[in-house]
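Chemist: What follows is a predicted structure for the sequence shown.
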Amino acid sequence: GAGVSQSPSNKVTEKGKDVELRCDPISGHTALYWYRQRLGQGLEFLIYFQGNSAPDKSGLPSDRFSAERTGESVSTLTIQRTQQEDSAVYLCASSSRGTGAYEQYFGPGTRLTVT
Amino acid sequence: GNSVTQMEGPVTLSEEAFLTINCTYTATGYPSLFWYVQYPGEGLQLLLKATKADDKGSNKGFEATYRKETTSFHLEKGSVQVSDSAVYFCALKGDAGGTSYGKLTFGQGTILTVHP
């Protein structure tokens, strides 16, 4: 079946502009995650949605970052007033459940470059 | 909070050599442990996992044993191939009793290059 998809695959934006990144999880997966991968570093957790529960936003680096999810489907990550340090690959993952050691399936990522 | 530390890379080996990538963690309770792999030009994918102490995860000739006494989850393979060249990430998922429940905490990644 279809995996996790993300769009756009690449985004170049000017400093100060807003960007919106999209994630389509695997159908039926109740848990959805956003991570950030800066060049040469590991993945950094940003936000986690589990069903209709309140999202875990503990990883969002500043109030310029926000994310929404409609039910158990599409999620969008919005970065307002982008800064150069926001340049990274943004990865989305989904899993059948957030509890337990269920595998997280990752999308190909969106590479964001802020100039 | 939870943290994962991987051995510094990059690691360069000849084909058929023995591989060890060290991973240690800090976490409360009983986390689940994972190794993810990112092949060139591809997305991150799960390689193996272990959910409790002394469990051994294995896949594609790779193995890792969950050692609670040493808080380690070292990745090993007896004979690497050129096709194993990739970036390897150790990760943990906190248990239900912790504030980090649900999300993965990753190490910084280890680049492995295998030469023929």
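Modeler: Done, it's in.
Chemist: okay, residue 2: pLDDT?
Modeler: Answering for chain A, as no chain was given. Looking at A:A2, its pLDDT is 80.
Chemist: actually it's chain B I care about, not the one you picked
Modeler: Per-residue confidence for B:N2 comes out at a pLDDT of 87.
Chemist: Any regions of chain B where pLDDT drops low?
Modeler: Applying pLDDT under 70 to chain B flags the ranges B:96-101.
Chemist: Spell out which residues of it are next to chain A.
Modeler: Contact residues, chain B versus chain A (CB under 8 Å from any CB of the partner chain): B:4, B:6, B:32, B:34, B:36, B:42-46, B:49, B:51, B:89, B:91, B:93, B:96, B:99, B:101-109. No exception for glycine: its C-beta is placed from N, CA and C like everyone else's.
Chemist: go again using 7 Å as the cut-off
Modeler: With CB under 7 Å from any CB of the partner chain as the criterion, chain B comes near chain A at residues B:32, B:43-46, B:49, B:51, B:89, B:93, B:96, B:102-109.
Chemist: Buried subset of those residues, written for PyMOL?
Modeler: To isolate the buried subset of the residues of chain B next to chain A in PyMOL, counting by 16 or more other CB atoms under 10 Å in any protein chain shown, use the following:
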select buried, chain B and resi 32+43+44+46+49+51+89+93+102+103+104+105+106+107+108+109
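Chemist: tell me the secondary structure for the spatially closest residue to B:F73 that is not a sequence neighbour?
Modeler: Leaving aside its chain neighbours, B:F73 sits nearest to B:L33 (4.3 Å; criterion: CB to CB, 6 or more residues apart in numbering or on different chains). Classification of B:L33 using DSSP: H, G, I helix; E, B strand; the rest coil returns strand.
Chemist: just B:K52 next, same as before
Modeler: Classified using three-state DSSP, B:K52 is coil.
Chemist: For it, what are phi and psi?
Modeler: Main-chain torsions, B:K52, degrees, to the nearest 10: phi -150, psi 170.
Chemist: For chain A, which residues are neighbours of chain B?
Modeler: Residues of chain A found near chain B, taking CB under 7 Å from any CB as the criterion, are A:31, A:33, A:41-43, A:45, A:48, A:50, A:56, A:91, A:98-99, A:101, A:103-104, A:106-109.
Chemist: contacting residues around the residue nearest to B:F73?
Modeler: The contact partners of B:L33, by CB atoms under 7 Å, 6 or more residues apart in numbering or on different chains, come to B:Y25, B:K49, B:A50, B:Y66, B:F73, B:L92.
Chemist: let's see 10 Å
Modeler: Counting by CB atoms under 10 Å, 6 or more residues apart in numbering or on different chains, B:L33 touches A:101, B:4, B:23, B:25, B:27, B:48-53, B:55, B:57, B:64-68, B:71-73, B:90-93.
Chemist: Kindly report the same for A:A54.
Modeler: Contacts of A:A54 (CB under 10 Å, 6+ apart): none.
Chemist: which residues in chain A form strands?
Modeler: For chain A, strands defined by DSSP state E occupy the ranges A:5-7, A:10-13, A:19-24, A:31-37, A:43-50, A:65-69, A:75-79, A:88-95, A:105-106, A:110-114.
Chemist: Give the other helices and strands that the fifth one contacts.
Modeler: Spelled out, that is strand A:43-50. strand A:31-37, strand A:65-69, strand A:75-79, strand A:88-95, strand B:104-106 (3 or more CB pairs under 10 Å, 6 or more residues apart in numbering or on different chains; DSSP states H and E).
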